[in-house]
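# requesting a structural model of the entry that follows:
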Amino acid sequence: MKSDALWLRARVIKAVRDFFWKRGFLEVETPLLIPANAPEEHINPVFTLPSSWQLQTSPEMCMKRLLCAGHQKLFQISHCWRSDERGSRHLSEFTMLEWYRAGCDYQELMTDCEELLQYVASTCRPDSRCFERNAMTINPFAAWKRISVQEAFSRFGNSDVLDCLRKGRYEEILTSVIEPALADFGTPVILLDYPVELAALARVKPENNTLAERFELYVGGLELANGFSELNDPLEQRRRFEEANAVRSSAGHSLLPLPEPFLETLGLMPDSAGIALGIDRLVMLTAGVDSIDDVVAFTPEDL
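Numbers count the residues shown, from 1 in each chain. Below is the predicted model:
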């Protein structure tokens, strides 16, 4: 990694930290080694030997417990690990930003995203105040696009998202059709209101129980963040975790332990919303590069 890229990474992380400090968020540090992550169908944690504990795939379990304890606004920048993830946008060890708000829903997080990207662009790209990706200029100060998942599948894929889920074609259509279409916008795009089947920790929309209050942020076609209104029903959350383990088992993956202390305190969580944003990808956007290898000090192959 070149020296100028190291400096840019440091400036982006400082800008992110300054953004949340200025808005009264408490910066926290939670354990990286934990007994249980949130069981998810397609995310495999890294286990430590001889212990059965896992490196965190996300700091969400501990941060949500802090919400349950009465903290109102939290953020954290930390390392996370996911097994067998490697590509131009993925590393098994990566840096995640997560923030949580009590007393709000996912709509407020969307506003946070707009203001955060504008702050990073102004601070780290002061000449243009824009991001560059695939020879396209993305202006975070222009009006952002908000598109429902169903609208995106209908508009760009000429298909119904629930039908694609039933036929096992959701990921295929998303990656081959939807995401390339989102890359054509000159502003960031928020894809929102996911089917409940794709939102294991999110609250269901009160007016439509087939959809969840979840969104993802795309910039130049690059998925940058995933946020939602938090599910705070411990019985429903346990059911979803058990369902995720059942899917893992049917796919030949190991069953994962449930995060029992989290489930025991979840009923104390007020209405809240939380989001995870990839710091490495944010640096990629700010640097105008296509590979995550260009924005980390060392890749696994260098070690």
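# which strand or helix spans the residue lying closest to Ser128 once chain neighbours are set aside?
Once flanking residues are discounted, Ser128 sits nearest to Thr137: 7.4 Å by Cβ to Cβ, 6 or more residues apart in numbering. Yep, even glycine has a C-beta here, placed from its N, CA and C like the rest. Using DSSP states H and E, Thr137 falls within strand 136-138.
# ok, and the closest non-adjacent residue to Leu55?
Spatial nearest neighbour of Leu55, excluding adjacent residues (Cβ to Cβ, 6+ apart): Trp81 at 4.0 Å.
# wait, Val16 touches Leu117, no?
No. Between Val16 and Leu117 there is no contact, the gap being 10.3 Å when judged by Cβ atoms under 8 Å.
# who's more crowded, these two?
Neighbours per residue, other Cβ atoms under 10 Å: of Val16 and Leu117, the larger number sits with Leu117, 25 against 22.
# can you give me the helices in the stretch 101-250 of the chain?
Applying DSSP state H, counting those that start in this stretch to the stretch 101-250 of the chain gives helices spanning 106-124, 149-157, 161-166, 170-173, 179-182, 234-250.
# ok, residues contacting the longest one?
Under the criterion Cβ atoms under 8 Å, 6 or more residues apart in numbering, residues 8, 11-12, 15-16, 18-19, 99, 101, 128-131, 140-141, 144, 146, 188, 190, 192, 202, 213-215, 217, 219, 225, 227-229, 273-275, 277, 282, 286 lie in contact with helix 106-124.
# how about TSV for the helices of the stretch 101-250 of the chain, with mean pLDDT and distance to Glu41 added?
TSV is the format used below for the helices of the stretch 101-250 of the chain (pLDDT from 0 to 100; distance: least, Cβ to Cβ, whole Å):
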stretch	mean pLDDT	distance to Glu41
helix 106-124	98	22
helix 149-157	95	18
helix 161-166	93	13
helix 170-173	94	12
helix 179-182	93	20
helix 234-250	94	4
